[in-house]
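> With the input below, show me the fold.
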Amino acid sequence: MSQAARDIDPPQARAIIEAILLTATEPVTPGRLVHLLAGYNGRDIREAIDALNAQYEAAGHGIAVVELAGGYQLASRQECGPWLRKYHKTTRQVRLSPAGLEVLAIVAFKQPVTRVEIDNIRGVSSASVLQTLMELNMVRLAGRSDGIGKPMLFGTTREFLLHFGLRGLAELPKPKELEELIAEGQQPAAARQLASELDELQKQEEEGGEGERS
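This next block holds a predicted model:
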């Protein structure tokens, strides 16, 4: 860690970070931790997180610090998932319909995108599906287009990143990777549906690119 003046030493800083992550209800950004811990920078925070994870792994703990939606969060290890589901006998995961997954796939890979563009890709109206996705906080208004009538643009939300376990949009999965990301098989049919939609979108993009080059 850096040698800047500090009020607390690294072991205490790790304990504080651990306590914050344990009580936080959403991912904690490195910036918030840097602001809280005088004399610590982003690299120091990263080293503290790595040290915590090393301790958890060495001791065989069932938890780990993961990166989600631009921040850090304390979470159970993936291999503990079946036992947690057996204990809680329920899931808090949002269930999405095939139509919802289809529209979400389009928004995720085309954003910012208008409703008309979504409708053109699907061949049917997407108004009610978009409304449902907004109510679930998966999709948000992302401004207005410069086109005729200045239609509203849609994009994904931070909740979308959390739901699919992504650090950011740059980590949007390839279709074949998607099934592994959706809650350890809790939504296999939905995963296959969304993977199919993403695959079709990527094929359309490739065909469009080839048409432009020819």
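> how about the strands of this structure, start to end?
Along the chain, the segments classed as strands by DSSP state E run 63-68, 71-76, 113-114, 139-144, 152-156.
> can I get those strands in a markdown table with mean pLDDT, mean neighbour count and distance to residue 57?
For every residue, glycine as well, the C-beta is placed using N, CA and C. Formatted as a markdown table, the strands of the chain follow (pLDDT from 0 to 100; neighbours: other CB atoms under 10 Å; distance: least, CB to CB, whole Å):
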| stretch | mean pLDDT | mean neighbour count | distance to residue 57 |
| --- | --- | --- | --- |
| strand 63-68 | 88 | 18 | 8 |
| strand 71-76 | 88 | 18 | 14 |
| strand 113-114 | 90 | 19 | 41 |
| strand 139-144 | 88 | 16 | 36 |
| strand 152-156 | 91 | 20 | 32 |
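> would a markdown table of those strands with distance to residue 86 be doable?
As requested, the strands of the chain are exported to a markdown table (distance: least, CB to CB, whole Å):
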| stretch | distance to residue 86 |
| --- | --- |
| strand 63-68 | 18 |
| strand 71-76 | 13 |
| strand 113-114 | 40 |
| strand 139-144 | 33 |
| strand 152-156 | 32 |
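> Can you say which of the ones you listed is nearest to residue 38?
Closest to residue 38 of the strands of the chain, according to CB to CB: strand 71-76, at 19.0 Å.
> Also compute the angle for the closest one relative to strand 63-68, please.
Angle, strand 71-76 to strand 63-68, by axes from the mean of the first three to the mean of the last three CA atoms, to 10 degrees: 140 degrees.
> Sweet, I'm off.
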